[in-house]
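Engineer: just coords:
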């Protein structure tokens, strides 16, 4: 009844992953609400201010060769006194108030309020006028045609940036003027300034070639003398008769420019919000870009989730390996599973070509109990005080310094400075150790020799980073310390897991 259950690592990773997924989905679901809230706030602010957009509509489909006179003649009829026939629009359209009837919510007749800066001084219009569809003053105040000038505008912006850069480069050249003409810093500054000046000249030549050419029209901005005229125009162009489906449903003639060109009319945005260099982008182009942005965002979210999942799995694996390597029982099992009797050519005494691994690691076979003690505490030694695992050889000093009949642990950590130096694993002993390998025997229980090798590499990384860095192969980097028989570097797997974890962290930072 008191048994404790252990939650599998995969379950924990799954819980964290789903929590991340739901948090992302929650954020995405809040985007429409936040967008609608921003729109509402913008509308509230717009209701308190009179701007050019309150008198202007935006017209698409006007044709490349349209003139201002044609647009003015077409839209000059909207004055706020006529509406589409009853029932003609989407639902029934309420008739406009007559001249002697005040518009709803306005005290007095809906005055002849001119557009700002057109027929009267700007800024003297009562706020209530905006909600009144006011204005009996007929006609169009101004017409502006937006043209396919995106490349020209981009060139002007580019030229502005180049001129800014040129000023900074010229200042750098002046700063280096005190140096000799052959000085590398002065030469570099002058070359950069000359290269930038050449770019400006090339751009000027290109702009001069296109100067005076009239670009095709893409849209129009119609500014009315009154808000009533603008609202009347929008009311007409949102009625049923303006629906246009090519080849299936033509637009009503009275809404077409010159009786042949279907038009699309919408409320104009504030001039400061319009990207004039992008006016030439078609509806299809803009939709494709939005779709591409959505797809890229979705892919980034999927990649981010994959990185999160992979990172958490690697973190859990690294933590599990670290915990395993700090377990005294497992460390002793790895020492027991080491193939001590295998023959190696590394670390042998002088004049001996090959020797057993236990001889290469240096323990003394003349002492009766020393071999068993050495095997239990070398090459990995778990420090119970600081709970870390260190890599030592089996030098006899670890036996003579530590062993007595009382409390000291035989073959414990080196006590003296000299024993510490003698007990440090040398490169030759490390090669003998990795060449020996581990026996997948019963002493390892449910663990694998690869986990013992990972503990060896982790201890070596903490003790001798230089030797560790020469003991793995990663992405074309070939370690110098390797098994001559298998031609394998012992720490490749351990280093690969570590670098993969660091890589996932960097990717996560980049995505964020």
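Structural biologist: Cool, the structure landed. Everything numeric here is computed off the predicted structure, so don't read it as measured data. Numbering: from 1, shown residues only.
Engineer: what residue ranges in the stretch 1-150 of the chain score low on pLDDT?
Structural biologist: Filtered on pLDDT under 70, the stretch 1-150 of the chain yields the residue ranges 1-14, 16-17, 79-138.
Engineer: next: the chain.
Structural biologist: 1-14, 16-17, 79-138, 240-248, 364-376, 401-411, 442, 508, 511-512.
Engineer: residue 173 contacts residue 188, correct?
Structural biologist: No. Applying C-beta atoms under 8 Å as the test, residue 173 and residue 188 come out as separate, 10.1 Å apart. Placement of C-beta: from N, CA and C, glycine included.
Engineer: so between those two, which is more surrounded?
Structural biologist: Higher neighbour count among residue 173 and residue 188: residue 173, with 16 against 12, using other C-beta atoms under 10 Å.
Engineer: could you measure from the more buried one over to residue 179?
Structural biologist: 10 Å (C-beta to C-beta, to the nearest Å).
Engineer: shared neighbours of these two, anything?
Structural biologist: The overlap between the contact sets of residue 173 and residue 179 (C-beta atoms under 8 Å, 6 or more residues apart in numbering) consists of residue 186.
Engineer: show me what secondary structure element comes after the lengthiest helix in the chain.
Structural biologist: What stands out as the longest helix in the chain, according to DSSP state H, is helix 283-325. The helix or strand immediately downstream of helix 283-325 is helix 328-337, counting by DSSP states H and E.
Engineer: what pairs with the helix or strand following that following helix, parallel or antiparallel?
Structural biologist: Once the chain leaves helix 328-337, the next helix or strand it forms, by DSSP H and E, is strand 343-344. As defined by DSSP bridges, the strand partners of strand 343-344 come to strand 355-356 (antiparallel).
Engineer: neighbours around residue 480, how many?
Structural biologist: Residue 480 sits with 10 neighbouring residues when counted by other C-beta under 10 Å.
Engineer: ok, the nearest residue to it once chain neighbours are set aside - contacts?
Structural biologist: In space, not counting the residues next to it along the chain, residue 480 is nearest to residue 470; the distance is 4.5 Å by C-beta to C-beta, 6 or more residues apart in numbering. Neighbouring residues of residue 470 by C-beta under 8 Å, 6+ apart: 479-481.
Engineer: residue 177 now?
Structural biologist: Taking C-beta under 8 Å, 6+ apart, we find residue 177 in contact with residue 186.
Engineer: can you give me the buried ones in the helix or strand harbouring residue 196?
Structural biologist: Using DSSP H and E, residue 196 sits within helix 184-210. Buried residues in helix 184-210, counted by 16 or more other C-beta atoms under 10 Å: 186, 189-190, 192-193, 196.
Engineer: where along this protein do the strands fall?
Structural biologist: Using DSSP state E, the strands of the chain run over 56-60, 140-147, 217-224, 264-267, 343-344, 355-356, 380-383, 388-391.
Engineer: quickly compare these and say which is most buried.
Structural biologist: strand 217-224 (a mean of 23; mean count of other C-beta atoms under 10 Å).
Engineer: and the residue nearest to residue 345 when sequence neighbours are not counted, how close does it get to residue 342?
Structural biologist: Counting by C-beta to C-beta, 6+ apart, residue 354 is the residue found nearest to residue 345 once chain neighbours are left out, at 5.2 Å. The gap separating residue 354 from residue 342 is 10 Å, by C-beta to C-beta.
Engineer: contact partners for residue 471?
Structural biologist: Counting by C-beta under 8 Å, 6+ apart, residue 471 touches 430, 434, 457, 460, 479, 481-482, 489-491.
Engineer: redo those residues as TSV? Include neighbour count and distance to residue 316.
Structural biologist: As requested, those are exported to TSV (neighbours: other C-beta atoms under 10 Å; distance: C-beta to C-beta, whole Å):
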residue	neighbour count	distance to residue 316
430	24	29
434	23	27
457	24	19
460	25	23
479	18	27
481	19	30
482	20	30
489	22	25
490	26	24
491	26	21
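Engineer: which ones among those residues are found in helices?
Structural biologist: Judged by DSSP H, these include 430, 434, 457, 460 as members of helices.
Engineer: and of those, the nearest to residue 220?
Structural biologist: Comparing the ones in helices among the contacts of residue 471 against residue 220 with C-beta to C-beta places residue 457 closest, at 72.0 Å.
Engineer: that older thread, out of the ones in helices among the contacts of residue 471, which comes closest to residue 40?
Structural biologist: Of all the ones in helices among the contacts of residue 471, residue 457 has the smallest distance to residue 40: 60.4 Å, by C-beta to C-beta.
Engineer: so the closest one touches residue 495, yeah?
Structural biologist: Yes. The pair residue 457 / residue 495 is scored as a contact, 7.2 Å apart, by C-beta under 8 Å.
Engineer: now for these two: what residues contact both?
Structural biologist: The contact sets of residue 457 and residue 495 overlap at 468, 472 (C-beta under 8 Å, 6+ apart).
Engineer: need the contact list for residue 435.
Structural biologist: 342, 344, 346, 357, 483-485.
Engineer: roughly how far apart are it and residue 457?
Structural biologist: Separation of residue 435 from residue 457 (C-beta to C-beta) stands at 14 Å.
Engineer: before we move on, the earlier item: for residue 35, state which of the contacts of residue 470 is nearest.
Structural biologist: Closest approach to residue 35 among these (C-beta to C-beta): residue 479, at 54.7 Å.
Engineer: wait, the closest one touches residue 489, no?
Structural biologist: Yes. Checked against C-beta under 8 Å, the pair residue 479 and residue 489 is within contact range at 3.7 Å.
Engineer: shared neighbours, those two?
Structural biologist: Residues touching both residue 479 and residue 489 (C-beta under 8 Å, 6+ apart) are 471-473.
Engineer: export these as CSV, with columns for distance to residue 384.
Structural biologist: What follows is the shared contacts of residue 479 and residue 489, written out as CSV (distance: C-beta to C-beta, whole Å):
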residue, distance to residue 384
471, 28
472, 30
473, 35
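Engineer: would you map the helices across the stretch 51-200 of the chain?
Structural biologist: Ranges of helices within the stretch 51-200 of the chain are 68-75, 150-175, 184-210, based on DSSP state H, counting those that start in this stretch.
Engineer: ok so, going back, centre of the chain versus the longest helix of the chain, how much separation?
Structural biologist: Chain-centre distance of helix 283-325: 10 Å, with C-alpha atoms, centre = their mean, to the nearest Å.
Engineer: what helices or strands is it leaning on?
Structural biologist: Helix 283-325 sits against helix 9-47, helix 449-463, helix 492-511, with contacts defined as 3 or more C-beta pairs under 8 Å, 6 or more residues apart in numbering; DSSP states H and E.
Engineer: and the ones you listed, which is most packed in?
Structural biologist: Most buried among the helices and strands packed on helix 283-325, given mean count of other C-beta under 10 Å as the contact rule, is helix 449-463, at a mean of 21.
Engineer: would you confirm that residue 499 contacts residue 474?
Structural biologist: Yes. Counting by C-beta under 8 Å, residue 499 does reach residue 474; the two are 6.1 Å apart.
Engineer: ok so, going back, for the helices of the stretch 51-200 of the chain, which one sits closest to residue 60?
Structural biologist: Comparing the helices of the stretch 51-200 of the chain by their distance to residue 60 (C-beta to C-beta), the top pick is helix 68-75, with 12.1 Å.
Engineer: which helices and strands does the closest one pack with?
Structural biologist: Against helix 68-75 (3+ C-beta pairs under 8 Å, 6+ apart) you get strand 56-60, strand 140-147, strand 217-224.
Engineer: got a list of contacts for that helix?
Structural biologist: The list of residues contacting helix 68-75 from outside it, by C-beta under 8 Å, 6+ apart, reads 57, 59, 62, 140, 143, 145, 220, 222, 224, 233, 257-258.
Engineer: okay if I get those residues as JSON lines plus distance to residue 377?
Structural biologist: Below are the contacts of helix 68-75 laid out as JSON lines (distance: C-beta to C-beta, whole Å):
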{"residue": "57", "distance to residue 377": "88"}
{"residue": "59", "distance to residue 377": "88"}
{"residue": "62", "distance to residue 377": "90"}
{"residue": "140", "distance to residue 377": "97"}
{"residue": "143", "distance to residue 377": "94"}
{"residue": "145", "distance to residue 377": "89"}
{"residue": "220", "distance to residue 377": "89"}
{"residue": "222", "distance to residue 377": "91"}
{"residue": "224", "distance to residue 377": "94"}
{"residue": "233", "distance to residue 377": "93"}
{"residue": "257", "distance to residue 377": "95"}
{"residue": "258", "distance to residue 377": "99"}
